[in-house]
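In: can you look at this prediction? I've put the sequence above it.
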Amino acid sequence: MKSVLITGANRSIGLEIVKQLSKKGLFVYLGSRDLVKGEEVVAELAQNGFENVKAIQIDVTNQESVLAAKNSIEKEQGKLDILINNAGVLGAMPQNSSTTSIENIQETFDTNFFGVIRVTQLFLDLLKKSDSPRISNITSGLGSLTLHSDPTWKYYPFKAVSYVSSKTALNAFTVALAFELKDLPFKVNSIDPGYTATDFNNFNGPGSVESAASFIIKHTLTDENGPTGKFFSNDIEDESEESPW
């Protein structure tokens, strides 16, 4: 049975990914910063027929927390097949480039960028023990510099500096990591679930969590011939579903 860790998975898109992967027969670690909340969610899932789901405490901004999660999964599984770096924050608004404080930007980067690097680096040894390791970095279409340079793009006016720049940096990390691991069976991609209605954005997005989770899973559970070092977006109306960087 393949194992997967999903960070920030006790609600919204992360929780829906847990549900869909559980139904596909994977052993799912539901990463939650608050273990009590995570365990409450798992108990509810069990009552609704979802199996092989376990809550695990993981705060991506805390080295000791991430290391403890890694050690726990290593003891129980011996390896990890899939890492979905889903935990993310929007950051305090507004985020004008000329006035947003360094502290605001740093706080957003701590989760969206440095948190992903921390988790990925600490779990790489376990992922290397898998026959088909996958790393999916959950990004945003707002991280595309190409689209942000296009005045005709529908989200062109949204230039929130903390959030946008953290996702652009995350995409750069994906490219570098995919290149480093290209001679191993890893597939490393940035995946944008699209503008989805969640508590993250006061339920303003047009997309559903079901569609978002399904899209992420589609580009995560790939075979040995699957792409690596790509940026996929649920908001791209193109057969390739690839977003420009």
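Out: That came through, no problem.
In: so how far is Leu142 from Asn112?
Out: Between Asn112 and Leu142 the computed distance is 11 Å (C-beta to C-beta, to the nearest Å). For the C-beta atoms, the positions are set from N, CA and C on the backbone; glycine is no exception.
In: I should have written Phe232 there, sorry.
Out: Phe232 sits 15 Å away from Leu142, going by C-beta to C-beta.
In: kindly report the same for Asn234.
Out: 13 Å.
In: where does pLDDT dip in the chain?
Out: 197, 199-203, 205-206 (pLDDT under 70).
In: quick one, phi psi at the residue sitting nearest the centre point of the chain?
Out: Residue closest to the mean C-alpha point of the chain, counted by C-alpha atoms, centre = their mean, is Asn86 at 2.5 Å. Here is the backbone geometry of Asn86 (degrees, to the nearest 10): phi -100, psi -20.
In: what segments of this structure are helices?
Out: According to DSSP state H, the chain carries its helices in the segments 12-23, 35-47, 63-77, 102-109, 115-127, 145-148, 161-180, 209-218.
In: buried residues, the first one. List them.
Out: By neighbour count on 16 or more other C-beta atoms under 10 Å, the buried set for helix 12-23 is 12-22.
In: how far off helix 35-47 does that helix point, in degrees?
Out: Calculated by axes from the mean of the first three to the mean of the last three C-alpha atoms, to 10 degrees, helix 12-23 forms an angle of 40 degrees with helix 35-47.
In: how far off helix 209-218 does helix 12-23 point, in degrees?
Out: Using the same axes, to 10 degrees: helix 12-23 against helix 209-218 is 60 degrees.
In: show residues contacting helix 12-23.
Out: The contact list for helix 12-23 (C-beta atoms under 8 Å, 6 or more residues apart in numbering) reads 4, 6-9, 28, 30-31, 41, 45, 50-53, 84, 86-87, 138, 193, 196, 198-200, 209-210, 212-214, 216-217.
In: also the shortest one?
Out: Residues lying outside helix 145-148 but in contact with it, judged by C-beta under 8 Å, 6+ apart, are 141-142, 153, 155-156, 159, 164, 168, 243-245.
In: same question, the fourth one
Out: Residues external to helix 102-109 that are found in contact with it (C-beta under 8 Å, 6+ apart): 89-92, 95, 161-163, 165-166, 169.
In: the same query, at a cut-off of 10 Å, please.
Out: Helix 102-109 is contacted from outside by 61, 88-95, 97, 100-101, 114-115, 160-167, 169-170, using C-beta atoms under 10 Å, 6 or more residues apart in numbering.
In: with only the CA atoms kept, save it in CSV.
Out: Once non-C-alpha atoms are left out, helix 102-109 reads as follows in CSV (Å, rounded to 0.1, in the frame of the first residue of the first chain):
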residue,chain,number,x,y,z
ILE,A,102,9.1,42.9,5.6
GLU,A,103,7.6,41.0,8.6
ASN,A,104,4.4,40.3,6.6
ILE,A,105,6.4,39.0,3.6
GLN,A,106,8.6,36.9,5.8
GLU,A,107,5.7,35.3,7.6
THR,A,108,4.1,34.3,4.3
PHE,A,109,7.4,32.9,3.0
